[in-house]
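> Predicted model and sequence below, questions to follow.
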Amino acid sequence: MRYFIILLFSVNICASSITTIEAAFIYRLMFFLPIKQESNSYSICIKNNSDIYEILHKKLDGSNFSNGKLNILQVKESYKKCSLLYLGNNLDLKDITDIKKYLLNQKVLIVSKKGINKPLAMIILKTKGNKIKFDANKTLMETFKIQLSSKVLRLADEVF
């Protein structure tokens with residue numbers, strides 16, 4: 001029976017799209033952030049990627065998380081409620097400047113794909129086939145006083 005469950009799980013993962021796997025990875029990162037919210041509301045914010053937003057919103061919006069509720073938000077300009085911010089496409093200079101200003105006052109982990117949003121990406125997702133790997137920009141995290149669990153950093157391909 002145990003082997004059947006493992007086989008079924010493996011087949012299910014292979015059938016999943018890479019976008020679904022990326023969305024699951026983004027969600028799981030939330031568990032490794034030292035989040036302290038006064039309102040008991042936690043938010044994953046998505047900018048410039050409607051596919052990731054739809055997957056996370058449909059499955060997780062309003063669900064229980066830690067001692068509160070998890071919100072999935074599609075953001076354009078305001079990042080005030082974000083615990084984690086996923087940047088889907090390259091941003092213009094104004095967006096980069098706005099996010100950097102916001103980071104000076106708030107702690108938010110920024111995730112992006114390899115090759116885009118380099119000045120802001122703290123976790124850089126890389127895909128190879130149906131696998132997700134990542135690099136961690138610890139220097140940038142330290143600059144903005146973001147603490148990510150050492151368990152996650154040990155799993156990164158490269159920490160710089």
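Now that the structure is in, tell me what you want to look at. The shown structure was predicted, so the numbers you read here are calculated from the model rather than taken from an experiment. Residues are numbered from 1 along each chain as shown.
> Following the chain onward from the one helix or strand in the chain whose mean pLDDT sits lowest, which element is next?
Here the helix or strand of the chain ranked lowest by mean pLDDT, DSSP states H and E is helix 2-15, holding a mean of 39. Following helix 2-15 in sequence order, the next helix or strand is helix 18-29 (DSSP states H and E).
> For the residue nearest the centre of the chain, give me its contacts.
Closest to where the C-alpha atoms of the chain average out (C-alpha atoms, centre = their mean) is residue 26, at 3.5 Å. By C-beta atoms under 8 Å, 6 or more residues apart in numbering, the residues touching residue 26 are 44, 52, 56, 84, 86, 111. C-beta coordinates here come from the backbone N, C-alpha and C atoms, glycine included.
> Please report how far it lies from residue 49.
For residue 26, the distance to residue 49 equals 10 Å [C-beta to C-beta, to the nearest Å].
> rewinding a little: give me the subset of the contacts of residue 26 that lies in helices.
52, 56 (DSSP state H).
> Turn the contacts of residue 26 into CSV, including distance to residue 76.
Formatted as CSV, the contacts of residue 26 follow (distance: C-beta to C-beta, whole Å):
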residue, distance to residue 76
44, 15
52, 15
56, 17
84, 17
86, 14
111, 18
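> Relative to residue 95, which of the contacts of residue 26 is nearest.
Checking the contacts of residue 26 against residue 95 by C-beta to C-beta gives residue 86 as the nearest, at 13.6 Å.
> who touches that closest one in this structure?
By C-beta under 8 Å, 6+ apart, the neighbours of residue 86 are 26, 44-47, 49, 52, 110-112.
> try residue 135
So, once contact is read as C-beta under 8 Å, 6+ apart, residue 135 ends up touching 114, 123-124, 126, 156-160.
> shaky segments in this structure?
1-16, 35-39 (pLDDT under 70).
> where along it do the strands fall?
Assigned strands in the chain, in chain order: 41-47, 64-65, 68-74, 84-87, 109-113, 123-128, 131-136, 158-159 (criterion: DSSP state E).
> and those as JSON lines, adding distance to residue 149?
Formatted as JSON lines, the strands of the chain follow (distance: least, C-beta to C-beta, whole Å):
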{"stretch": "strand 41-47", "distance to residue 149": "16"}
{"stretch": "strand 64-65", "distance to residue 149": "16"}
{"stretch": "strand 68-74", "distance to residue 149": "18"}
{"stretch": "strand 84-87", "distance to residue 149": "13"}
{"stretch": "strand 109-113", "distance to residue 149": "11"}
{"stretch": "strand 123-128", "distance to residue 149": "12"}
{"stretch": "strand 131-136", "distance to residue 149": "11"}
{"stretch": "strand 158-159", "distance to residue 149": "13"}
